[in-house]
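> Predicted structure and sequence below. I'll ask about it afterward.
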Amino acid sequence: MAAANSRVVAVNLAHVIDTPPVRPGTRPNKKPAKTGIDKRPVVHPVMVGRLGLAGDTICDTRNHGGLDQAVYAYAIEDTEWWQRELAGELSLQLGPGSLGENLTLRGVEVTNAVIGERWQVGGAILQVTAPRMPCSTFASYWDVDRLVKRFTRSGRVGAYLRVLAEGEVAAGDEVLVLDRPAHGLTLAQTLRALTGDRSLAPKLLSAPELPEDVHRSARKWLAAAERAAERAAERTGR
């Protein structure tokens with residue numbers, strides 16, 4: 001269930017750096033003094049455990065990491081698209097790891113991956129859980145105007161993955177899609193819901209593989225919609 005050239009381009013581990021200053025016009029928030037967003041390819045196989053890659057570093061554990069965000073994958077085709085799109089604005093050359101991703105993939109449909117689909121990547125089995133939501137650290141790292149909004153609007157945000165079976169992964173490994181859940185909720189649809197399209201709340205609840213905090217949000221949106229409908233009915237009945 002994957003193209004013949006579906007491969008791991010690179011396995012990337014953090015090179016810890018000082019957290020860049022927040023760009024003007026970007027909403028400030030509390031971040032650790034260090035960040036692991038600068039990830040760089042390694043030439044050796046890496047063990048992928050339940051909480052991520054051996055040798056990787058996550059500094060902002062409040063917003064990143066955990067079982068539902070153990071691994072972050074990004075398509076090299078989308079990296080190349082960003083390089084073309086922002087060629088006149090970037091202060092760095094984009095390549096594997098530039099998105100802060102652990103796995104750079106080629107030939108894998110990431111944006112339209114179905115929540116809960118399982119990938120065999122080298123010796124590990126990974127499960128798509130959620131889209132990556134960009135933050136101020138990412139915008140500062142690239143040093144590009146309005147990057148958070150532009151990144152979200154593009155839909156090319158990459159996939160967070162849950163580790164179902166631990167194993168080693170290396171550059172060149174095949175990526176095989178083992179199965180896709182019948183509910184059909186994609187990363188792109190989930191991103192739309194999380195960035196304003198509340199009509200997708202029932203669709204979110206149809207995907208048990210989503211993180212629980214997403215389900216809580218969906219239930220909250222539905223409850224708010226029900227209350228609004230009741231108030232509207234009351235006004236109409238007066």
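Cool, got the structure.
> Check which residues of the longest helix along the chain are buried.
Using DSSP state H to assign secondary structure, the helix with the most residues in the chain is helix 212-237. Using 16 or more other C-beta atoms under 10 Å as the test for burial, helix 212-237 gives Val214, Ser217, Ala218, Trp221. (C-beta placed from N, C-alpha, C; glycine too.)
> low pLDDT regions in this protein?
Counting by pLDDT under 70, the ranges of the chain that qualify are 1-4, 23-29, 238.
> repeat that with 90
By pLDDT under 90, the weakly predicted segments of the chain are 1-5, 16-33, 58-64, 91-92, 134-140, 143, 145, 228-238.
> Could you pull out the helices in it for me?
Counting by DSSP H, the chain forms helices over residues 76-85, 136-142, 147-154, 187-194, 201-205, 212-237, given from the N-terminal end onward.
> Including distance to Asn12, could those go into JSON lines?
Listed next are the helices of the chain as JSON lines, based on distance: least, C-beta to C-beta, whole Å:
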{"stretch": "helix 76-85", "distance to Asn12": "11"}
{"stretch": "helix 136-142", "distance to Asn12": "14"}
{"stretch": "helix 147-154", "distance to Asn12": "18"}
{"stretch": "helix 187-194", "distance to Asn12": "20"}
{"stretch": "helix 201-205", "distance to Asn12": "30"}
{"stretch": "helix 212-237", "distance to Asn12": "26"}
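> For Ala14, find the nearest of the ones you listed.
With C-beta to C-beta, the closest approach to Ala14 among the helices of the chain belongs to helix 136-142: 12.1 Å.
> What is the burial count for the closest residue to Asp78 other than its chain neighbours?
Leaving aside its chain neighbours, Asp78 sits nearest to Arg156 (4.1 Å; criterion: C-beta to C-beta, 6 or more residues apart in numbering). When neighbours are defined as other C-beta atoms under 10 Å, Arg156 has 22 of them.
> With Arg40 instead?
The number of residues packed around Arg40, counting by other C-beta under 10 Å, is 13.
> Kindly report the same for Met133.
By the other C-beta under 10 Å criterion, the neighbourhood of Met133 contains 15 residues.
> ok, it - contacts?
With contacts taken as C-beta atoms under 8 Å, 6 or more residues apart in numbering, Met133 has the following neighbours: Thr152, Val157, Leu194.
> Neighbour count and distance to Glu166 for these - can I get that in TSV?
As requested, those are arranged in TSV below (neighbours: other C-beta atoms under 10 Å; distance: C-beta to C-beta, whole Å):
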residue	neighbour count	distance to Glu166
Thr152	19	32
Val157	23	26
Leu194	17	28
